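**Student:** Predicted model, plus sequence, below.
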Amino acid sequence: MTPTPSSQPSTTLTILGRGAWGTALANLARINNTPVQTWSYRSGDPLEPVVSNAKVILSAISMKGVAELATRLKTLPLESDVIFVTATKGLDPATKRTPSQIWQTTFPNHPVAVLSGPNLSKEIDLGLPAATVIASEDLAAAETVQELFSSDTFRVYTNTDPLGTELGGTLKNVMAIAVGVCDGLKLGTNARSALVTRALPEVMRIGTLLGGQAETFYGLSGLGDMLATCTSPLSRNYQVGYGLAQGKALDDILEELGSTAEGVNTTYVLIDRVYDEGISAPIAWQVYRLLKGKITPQEAVAALMERELKPEYCDLP
Ligand SMILES: NC(=O)c1ccc[n+]([C@@H]2O[C@H](COP(=O)([O-])OP(=O)(O)OC[C@H]3O[C@@H](n4cnc5c(N)ncnc54)[C@H](O)[C@@H]3O)[C@@H](O)[C@H]2O)c1
Ligand SMILES: O=P(O)(O)OC[C@H](O)CO
């Protein structure tokens, strides 16, 4: 399929992060003839020249750098109406906040949008069609960003629930580790289907208690991203679970990956929040115990199968 631009937007876009996702997003914007500047902290390039004239600043860096980067940007001269977009899927270990909460707290007078969906960057790099969500409480800001990325290979929907959109993309990484374990143990299609299906109410239960709207989790950024990540060996989080099922050490798996698998850190932060707030999260708990080396993959499966019997629909939000 040959990508063709859908329009000629002139808004200046700066993408922070030249990893797998930042690079794919920059290419998607260029397909649409959107002028793009990129920056990477690893390059040591100065930040100010690429952000001072930007109308939209999109962060596609790993969770571990978000708080520091937002604080750094706060010290720089920026356009008074610049829109911040976050494409990071994680939770901050220090504050347990999502990336959009960090950006919004740091820049309370600016619109903040979340970009999230079933978007495996390797497929996007191949020019395969995909869809995503741009969510913001400021619908006009979401529509501005929608225009920057939309093309006939990338269909962008807007949504006004940034937190739900972001939490769907973040929490599914934990579930993808669980499904990777399931597949690594060769437990079969029935088991995988049961796990992915039970993962959705778990994500919804946690996600709504943390502030997302229930219906968002049935959309592209929720169920859509869960299906992509839990069924594709391209997913790094799935690969973490798959490796654990093969008896590999977590550190070795992460080193072999050589790029970000946010689900590991997300699990640790999530379990803290789940524990503090008394939320039922059986799959996430088993992933946590497995990542911490407290149980074997087989014991994690047994723990899920032996839980108290109950009706199917007793715990939806
Ligand atoms: N790759 C994908 O398919 C994909 C799709 C959607 C969302 N995401 C999310 O995007 C984020 C980045 O993923 P990726 O695949 O590009 O990972 P990556 O490992 O390829 O790149 C990580 C990026 O973060 C930057 N970074 C790391 N630590 C930093 C720090 N302390 N300060 C500033 N920058 C720092 C790196 O320089 C690099 O640009 C993750 O949260 C991931 O979940 C990835
Ligand atoms: O490779 P993963 O597991 O980080 O997944 C990438 C994206 O989040 C899929 O939408």
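**Tutor:** Received the coordinates, thanks. Ligands and ions are numbered 1, 2, ... in the order given.
**Student:** Run the contact check for stretch 46-61 versus ligand 2.
**Tutor:** No: for stretch 46-61, no contact with ligand 2 is found by Cβ under 6 Å from any ligand atom; the gap never falls below 11.2 Å. Where C-beta positions appear, they are placed from N, C-alpha and C, glycine not excepted.
**Student:** now that stretch: how far from the chain's centre is it?
**Tutor:** In terms of Cα atoms, centre = their mean, to the nearest Å, the centre of stretch 46-61 is set 20 Å apart from its chain centre.
**Student:** What is the end-to-end distance of stretch 207-227?
**Tutor:** End-to-end distance for stretch 207-227: 17 Å, by Cα to Cα, to the nearest Å.
**Student:** quick one: that stretch near ligand 2?
**Tutor:** Yes: applying Cβ under 6 Å from any ligand atom, one finds stretch 207-227 touching ligand 2 at residue 225.
**Student:** Buried residues in that stretch, which are they?
**Tutor:** 207-208, 210, 212-213, 216-217, 219-226 (16 or more other Cβ atoms under 10 Å).
**Student:** One more: stretch 155-170?
**Tutor:** For stretch 155-170, by 16+ other Cβ under 10 Å, it's 155-159, 161-170.
**Student:** what is the mean pLDDT for it?
**Tutor:** Average pLDDT, stretch 155-170: 98.
**Student:** Now look at it and say if it contacts ligand 1.
**Tutor:** No: Stretch 155-170 does not reach ligand 1 (Cβ under 6 Å from any ligand atom); its nearest approach is 6.7 Å.
**Student:** For that stretch, measure first residue to last.
**Tutor:** For stretch 155-170, the first-to-last residue distance is 21 Å (Cα to Cα).
**Student:** Same question for stretch 127-142.
**Tutor:** End-to-end distance for stretch 127-142, by Cα to Cα: 24 Å.
**Student:** Now residue 286: closest residue in space that isn't a chain neighbour?
**Tutor:** Nearest residue to residue 286, sequence neighbours excluded (Cβ to Cβ, 6 or more residues apart in numbering): residue 300, at 4.1 Å.
**Student:** in which helix or strand would I find that neighbour?
**Tutor:** Here residue 300 is covered by helix 297-305, with elements defined by DSSP states H and E.
**Student:** mean confidence score for that helix?
**Tutor:** 98.
**Student:** What is the distance between it and the centre of its chain?
**Tutor:** 26 Å.
**Student:** Thank you, goodbye.
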